[in-house]
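A.B. asks: quick one: sequence plus predicted model below, questions after.
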Amino acid sequence: MQKARKPIEIKISTVVAISAILHETDPAALQKALKDMTGGVSDFFEDEFAVLDIGALEGAAAAAIDWQALVGLFKTFRLNTVAVRNAPEDLHAGIVAHGLAIDSSAVAGAGAANARAQEAALQEAPVAKPAPQPEPAPAAAPAPAARTMIVDTPVRAGQRIYARGADLVVMAAVNNGAEIIADGSIHVYAPLRGRALAGASGNTEARIFTASLEAELVSIAGVYRTFENGHPAEIAGKQVQVRLNGERIDVLAMQAA
């Protein structure tokens, strides 16, 4: 007898989301900023998930956000808003009512702030000197975690690879329409087409290295550069490194030894 199929299965899945840090809430200003960022390219974002970080806003500005209009604005740029980060607790109910989640890192941030406040209060209060305690035995050092993901097959169109907490090494070509992402640096020992996003968790020191630059888009720590008008002759198809220089992406040809 055939075993009955489960109606649903739950598995762990890695989801990459763009973090959009708001410094103001005026829809016209945000629309202009997004248009400038994307250069008017309709598929600059390809229906990625977005988390709105409102921690930089003043309390009154955050409270006045029109969530429906904001979500709609991001949707026009093919960004699907799914959560809000660093929102004050009194805004949580309104955010959830608009179908958005409260990002867990916001809770962690609040907890860290409370911890700092408690630490400051303890520093001001007199503290009794504790009795000396015997030193604990040294703990065994944990085994080092793997910090590099290696891919030795071509990355096909429509495929997305994410090296969470690690560098990414690709030994074969990355094709048009593919996307490779790493929290660390990216090394591609073959033509790099498609999209490459290094430092995805905010590491501004991450870099991208490739044997042949043919990419549609490169990004370091959320700062993007697209090549919709083609690649400059000095870097097209060349062995290059991509690095972040302030708020600018630099692409530098590497000279053969």
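C.D. replies: Nice, thanks for sending it over. Residues are numbered from 1 along each chain as shown.
A.B. asks: okay but V174 is in contact with R193, surely?
C.D. replies: Yes. Counting by Cβ atoms under 8 Å, R193 is a contact partner of V174 at 5.6 Å. Just so you know, the C-beta spots here come from the backbone N, C-alpha and C atoms, and that holds for glycine as well.
A.B. asks: now the common contact residues for the two.
C.D. replies: Common contacts of V174 and R193 (Cβ atoms under 8 Å, 6 or more residues apart in numbering): A215.
A.B. asks: which of those two has more neighbours?
C.D. replies: Between V174 and R193, V174 has the larger neighbour count (other Cβ atoms under 10 Å), namely 28 against 21.
A.B. asks: in contact with that one, which residues?
C.D. replies: Counting by Cβ under 8 Å, 6+ apart, V174 has contacts 154-155, 180, 188, 190-194, 196, 215.
A.B. asks: so what's R207 up against?
C.D. replies: Neighbouring residues of R207 by Cβ under 8 Å, 6+ apart: 185-186, 198, 220, 241-243.
A.B. asks: narrow those residues to those in strands?
C.D. replies: 186, 198, 220, 241-243 (DSSP state E).
A.B. asks: point out where the stretch 1-150 of the chain drops to low pLDDT.
C.D. replies: Within the stretch 1-150 of the chain, the stretches with pLDDT under 70 are 1-3, 10-16, 104-146.
A.B. asks: could you redo the contacts of V174 as JSON lines and give each row distance to L73, secondary structure and pLDDT?
C.D. replies: Formatted as JSON lines, the contacts of V174 follow (distance: Cβ to Cβ, whole Å; DSSP: H, G, I helix; E, B strand; the rest coil; pLDDT from 0 to 100):
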{"residue": "P154", "distance to L73": "37", "secondary structure": "coil", "pLDDT": "93"}
{"residue": "V155", "distance to L73": "32", "secondary structure": "strand", "pLDDT": "92"}
{"residue": "I180", "distance to L73": "29", "secondary structure": "strand", "pLDDT": "93"}
{"residue": "V188", "distance to L73": "34", "secondary structure": "strand", "pLDDT": "96"}
{"residue": "A190", "distance to L73": "38", "secondary structure": "strand", "pLDDT": "95"}
{"residue": "P191", "distance to L73": "36", "secondary structure": "strand", "pLDDT": "95"}
{"residue": "L192", "distance to L73": "32", "secondary structure": "strand", "pLDDT": "95"}
{"residue": "R193", "distance to L73": "31", "secondary structure": "coil", "pLDDT": "92"}
{"residue": "G194", "distance to L73": "27", "secondary structure": "coil", "pLDDT": "92"}
{"residue": "A196", "distance to L73": "27", "secondary structure": "strand", "pLDDT": "94"}
{"residue": "A215", "distance to L73": "28", "secondary structure": "coil", "pLDDT": "93"}
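A.B. asks: quick check: G194 vs G165, distance?
C.D. replies: Counting by Cβ to Cβ, to the nearest Å, the gap from G194 to G165 is 22 Å.
A.B. asks: same thing with A50?
C.D. replies: A50 sits 21 Å away from G165, taking Cβ to Cβ as the criterion.
A.B. asks: start and end of stretch 212-222, how far apart?
C.D. replies: The first and final residues of stretch 212-222 sit 22 Å from each other (Cα to Cα, to the nearest Å).
A.B. asks: now that stretch: how far from the chain's centre is it?
C.D. replies: Relative to its parent chain, stretch 212-222 has a centroid offset of 14 Å by Cα atoms, centre = their mean, to the nearest Å.
A.B. asks: would you map the helices across the protein?
C.D. replies: 27-38, 59-63, 67-76, 92-97, 104-124 (DSSP state H).
A.B. asks: picking that back up, show the buried residues in the contacts of V174.
C.D. replies: The neighbour-count test (16 or more other Cβ atoms under 10 Å) marks 154-155, 180, 188, 191-194, 196, 215 as buried among these.
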